[in-house]
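# this is the structure alone, sequence omitted:
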């Protein structure tokens, strides 16, 4: 559904993504992991059409991202950036309704729009926030409303940059359960995250980026227990079996990277 070939993206003089050859398919929840500056946000922005000046190929459904009209692309790809509309004074429900713009000819809410908005707000536990000013919400509440707006867009691809940032732990878990459910319904979900435990628990696959290149792409067990992970994160990070999953912890006094 999304493919890249020799994808290269620069920000100013710095080459941020360097020759990525990747393929992402429907039904996966893929966690993008890596240190700060690894290229996670840049990859998501490029796939969302927000960085058109890339080199190489980045295709959605076989068509270059840069060739799509914005409204057409928004019917295929929904994008949640890190800093989306956090100071908007409008009601939370209106923020979610903005996710319907690819489907609506104007700003008149149709019955289909209302149903999609209500469904998305229910799924993200945002209905009690509907009439409150978005700017008056807590950081975690705003993040849930923004996720609802992305879901209301009803696109088959979700690109999410730190979707659980500022969210309390119970709601983080519910968010990732919801994303896993979306993937099970055939949606392609890609989420950049620094929470390796959430990634290990819910993602079907992990993409490990390091200095603009993919070091590993596979199941959580394959990536987190591999040498590429230790190379990127250092040997102070310990990965061990915990029940049916894995637990990632920092081991103080570990050896050098």
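Cool, got the structure. Treat the numbers as computed from the prediction; the structure is a model and nothing was measured. Residues are numbered from 1 along each chain as shown.

# just the buried residues of stretch 128-137, please?
With burial defined by 16 or more other C-beta atoms under 10 Å, the residues of stretch 128-137 counted as buried are 129, 130, 134, 137. No exception for glycine: its C-beta is placed from N, CA and C like everyone else's.

# tell me the one of these nearest residue 119?
Lowest distance from residue 119 to the buried residues of stretch 128-137 (C-beta to C-beta) belongs to residue 130, with 12.9 Å.

# hang on, that closest one packs against residue 91?
Yes. In this structure, residue 130 sits in contact with residue 91. The criterion is C-beta atoms under 8 Å, and the distance is 6.8 Å.

# hmm, residue 109 is touching residue 99, no?
No. At 11.9 Å, residue 109 does not count as touching residue 99 under the criterion of C-beta under 8 Å.

# neighbour count for the two, which is higher?
Taking residue 109 and residue 99 together and counting by other C-beta atoms under 10 Å, residue 99 has the greater number of neighbours (25 against 15).

# give me the average confidence score over stretch 201-209.
pLDDT averaged over stretch 201-209 equals 97, rounded to a whole number.

# list residues touching both of residue 109 and residue 99?
Shared contacts of residue 109 and residue 99, defined by C-beta atoms under 8 Å, 6 or more residues apart in numbering, comprise residue 117.

# quick one: stretch 213-231 to chain centroid distance?
For stretch 213-231, the distance from its own C-alpha centre to the chain's C-alpha centre is 19 Å (C-alpha atoms, centre = their mean, to the nearest Å).

# got it, and stretch 44-51?
For stretch 44-51, the distance from its own C-alpha centre to the chain's C-alpha centre is 12 Å (C-alpha atoms, centre = their mean).

# ok, and what's touching that stretch?
When contacts are taken as C-beta under 8 Å, 6+ apart, the neighbours of stretch 44-51 outside the stretch itself are 2, 4, 7, 9, 17, 32, 42, 54, 58, 60, 65-66, 68, 70, 73, 77, 79, 81, 157, 159-161, 190, 192.

# picking up where we left off before, of the buried residues of stretch 128-137, closest to residue 117?
residue 130 (8.9 Å).
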